[in-house]
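Colleague: the amino acid sequence is not available; the structure is as follows:
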């Protein structure tokens, strides 16, 4: 059985791609034959060999990972140019994401890799077609879930609703990772928001990641800081791989 985890978020631009890339890098530097997958990517760039799934390509850049084009296409089976919800992109293209194909691609990746990190698009209720949402894709893949959230004002409500939605579908929730997507300082409100989600959601906080300020100037330092703040999640994934 393929080992994997689904990484979702409370919203778009929440830091799912940063978290997925950092985890992939951390796992591969520990000798784990891991890969990532972006089943649905909107806002893509067409090229001579096919679409460039920008989030997936970022994962590979961070993890210093190269794959053949046929494997890349398994990792990003549905790419759309418009930067919008998957259901709208699919409607405009005349072809919605096919869950059976995504599941098949996931299984094929599982034959090549020991652990697959699946990054969703948008939040848990992001519509995939005219009747199904990202939660339905999670259920199709039957993977445990990691929820990425932000620390700022409003996150308690968004996070607890997402936690309830995931658990309400019978999915296993590993825990929540807080990620700071903007360069703001920690303060009492942000600290208490994290504690409130942990308490009221009865959920494990597996990471509390600061903004990676040196990502461009000193990426090694940035990712080392990431691993220091996401150690509990990395340890959890190492157990999944086993």
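Modeller: Thanks, I have the structure now. Quick caveat: nothing in here was measured; it's all calculated off a predicted structure.

Colleague: contacting residues around whichever strand or helix holds residue 157?
Modeller: Using DSSP states H and E, the element containing residue 157 is helix 155-168. Residues outside helix 155-168 that contact it (CB atoms under 8 Å, 6 or more residues apart in numbering): 8-11, 123-125, 135, 138, 145, 147, 149, 173, 176, 178, 193, 196-197, 200-201, 203. All C-beta atoms are positioned from the backbone trio N, CA, C, and that covers glycine.

Colleague: just the buried subset of the residues you listed, please.
Modeller: Buried subset of these (neighbour count, 16 or more other CB atoms under 10 Å): 8-11, 123-124, 135, 138, 145, 147, 149, 173, 176, 178, 193, 197, 201, 203.

Colleague: burial measure for residue 234, as a count.
Modeller: Residues lying near residue 234 (other CB atoms under 10 Å) number 18.

Colleague: and the spatially closest residue to it that is not a sequence neighbour, how far from residue 59?
Modeller: Counting by CB to CB, 6 or more residues apart in numbering, residue 234 lies nearest to residue 26, which is 5.1 Å off, once chain neighbours are set aside. Going from residue 26 to residue 59 by CB to CB, to the nearest Å gives 12 Å.

Colleague: then residue 39?
Modeller: Residue 39 sits at a distance of 13 Å from residue 59 (criterion: CB to CB).

Colleague: of the two, give the one with the bigger neighbour count.
Modeller: Per other CB under 10 Å, whichever of residue 39 and residue 59 has more neighbours is residue 39, with 29 against 25.

Colleague: orientation of the longest strand along the chain relative to helix 155-168 in degrees?
Modeller: What stands out as the longest strand in the chain, according to DSSP state E, is strand 115-123. Counting by axes from the mean of the first three to the mean of the last three CA atoms, to 10 degrees, strand 115-123 lies at 120 degrees to helix 155-168.

Colleague: just after strand 115-123, pick out the following helix or strand.
Modeller: helix 134-141.

Colleague: quick one: name whatever helix or strand follows that next one.
Modeller: By DSSP H and E, the next helix or strand past helix 134-141 is strand 145-149.

Colleague: list the strands paired with that next one, with their directions.
Modeller: Using DSSP bridges, strand 145-149 pairs in its sheet with strand 4-9 (parallel), strand 173-179 (parallel).

Colleague: let me know the angle separating the shortest one from helix 134-141.
Modeller: Counting by the same axes, to 10 degrees, strand 4-9 lies at 180 degrees to helix 134-141.
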